[in-house]
Structure formats: C-alpha cells, structure tokens
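Enquirer: Next input, structure requested:
(3 chains)
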Amino acid sequence: MQNAETLYQLLLTAYGRPRWWSEDPFTVMFQAVLVQNTAWASVEKTWEAIGDKADPAYIEKLPVEELEALIRPCGFCKAKARTVQALAGWFAGYGFDRKKVQDQPAPKLRTELLAIRGIGAETADVILVYAFYKASFIIDAYTRRFLRRFGYDFADDGAIRRFFETGLPEDAKVYGWLHWLILEHCIGACRKQPQCESCPVREFCEQIIG
DNA sequence: AGCCAGGGTCTAA
DNA sequence: TTAGACCATGGC
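Expert: Coordinates of the predicted model:
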C-alpha cells in the first residue's frame, strides 16, 4: 500500500495545486451546510440568489422563514436554515473574528461544532480546515470511493483518518488541497472515464491493484 | 420514472 | 455500535 504522502504527490502532479474552498470563513460554513447530500450545482444556483446577503451577522438575525426560502433549492431547507443560523451564532461568540477562532485548540472547536445540530464529522472538518486552517482531515463520500477504487480497504472512517493524519505533515493547507484534489479527480476524470481509460493517476492505480 | 447528489439525526436491535 | 429509515429539492 502506498503511503498518504505518495498519493498526495501523485494527485498534485496530475492536477496541479487546487483552489481553496473560499477565503471567507462564513462562506465556507454556509456552503458546507448547503452541500450536504446535495448536488454542487444546486448550491451554486442558490449562492447566486444569496449574493451579498452572505454575511453572518445578517443571516443570524434573518427570520428563519426567509432563510428557508432563500436556500430551498438545496433541499432540507428547514434543517439547513436552522443549522446555518446556529453556525452564525457560534461565530458571533467569537466576534465574527477568524483570528479569535484560530487561537482556540482544534479539538475544542471540533467539539463545539459537533454540538450544533446538523453539523456532523464531515461538515465540522470542512469548516476547521477551510475556514480556520486547522489540520483535521476531511472524509467524505468521494474520499471513501476514491480509496476503495484504488484497492484500499479500511475498516471505518477512523482508519482512514489515521492513514492520512499519520502519513501527512500536520498542515491544514495540505489537508485542504488533498481533499480538493480527490474531489477534482472524482468529479472530473474519474467520472467521465469510469474504466480509468485516461486516468491521470492510472499508474498509481496499477501499482495498488497490480 | 427513478436515482442520486461532497450528510446528519434518530431509532431499533 | 451499527444498520436503516427519514429528511426535500433539482438535474439528468
């Protein structure tokens, strides 16, 4: 089995440095909730309608029915509206100040996020990595699919987390880039060529499967 | 028409 | 602790 560092380098060589989710922390929080079990295209469409209303202080005070109406195309709008407002409230506790959040230890922040209804492990880790530069590896459906496809067989998400967190430098940038590379691979080459005919990391695939 | 999309919660065994 | 039902909407 290849180590996580090799996997990262192969993807980096194949696709180049990926973009960051967003430079704005609340955008990351908001979109991370919207995209739960939802196609990214729906999130983009909704985001157009939200426009400059994507401000945490504004969203927190918005009547919940109005927020629900705004995000309806993403599905689960009642649950997601409640969660987004809870997130905005949590952020308000830090004065909407990214630096104040960053000063806190990652495990404390993760616990606080998981305590919010509608925030599970994946969403919490997305927020920690992309909004606050904390090295907490993100495991989503693409990550599991990607590893399985390349012949890895992990017992559970805990095993996947250990594989990445012990095999990579403890660096949020690396975690964020790798997560985005896996995503790009899965929705790009891998989806268009399910048989790996022109897969950029085919060489890696063959090394694994033999 | 039916399935799935970058999840999360709740419940039953 | 784990599997399965349920949540809502849009795109293909």
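Enquirer: which sections of chain A are below the confidence cut-off?
Expert: A:1-2, A:189-200, A:203-210 (pLDDT under 70).
Enquirer: quick one: the helices in it?
Expert: Here chain A has its helices, by DSSP state H, at A:4-15, A:25-34, A:40-50, A:56-61, A:64-71, A:77-92, A:98-102, A:106-114, A:121-126, A:141-149, A:157-167, A:172-187, A:189-192, A:202-209.
Enquirer: residues in contact with the one residue in chain A that gets nearest to DNA strand C?
Expert: Relative to DNA strand C, the nearest point of chain A is residue A:75 (2.4 Å; C-beta to the nearest atom of the strand). Just so you know, the C-beta spots here come from the backbone N, C-alpha and C atoms, and that holds for glycine as well. By C-beta atoms under 8 Å, 6 or more residues apart in numbering, the contact list for residue A:75 reads A:37, A:38, A:42.
Enquirer: re the thing from before, quick one, which of the helices of chain A is packed in tightest?
Expert: The highest mean neighbour count among the helices of chain A, using mean count of other C-beta atoms under 10 Å, belongs to helix A:25-34: a mean of 23.
Enquirer: Any idea how far stretch A:74-87 is from the middle of the chain?
Expert: On the basis of C-alpha atoms, centre = their mean, to the nearest Å, stretch A:74-87 is displaced by 17 Å from the centre of the chain it belongs to.
Enquirer: ditto for stretch A:121-134
Expert: 7 Å.
Enquirer: if you look at that stretch, does any of it touch DNA strand B?
Expert: Yes: using C-beta under 7 Å from any atom of the strand, stretch A:121-134 reaches DNA strand B at A:121, A:122, A:123, A:124, A:126.
Enquirer: for those residues, which one is nearest residue A:59?
Expert: Comparing the residues of stretch A:121-134 next to DNA strand B against residue A:59 with C-beta to C-beta places residue A:123 closest, at 16.4 Å.
Enquirer: returning to what we had before: and the residue of chain A closest to DNA strand C, its phi and psi?
Expert: The phi/psi pair for residue A:75 (degrees, to the nearest 10) reads phi 80, psi 160.
Enquirer: can you pull the contacts of residue A:66?
Expert: No contacts exist for residue A:66 under C-beta under 8 Å, 6+ apart.
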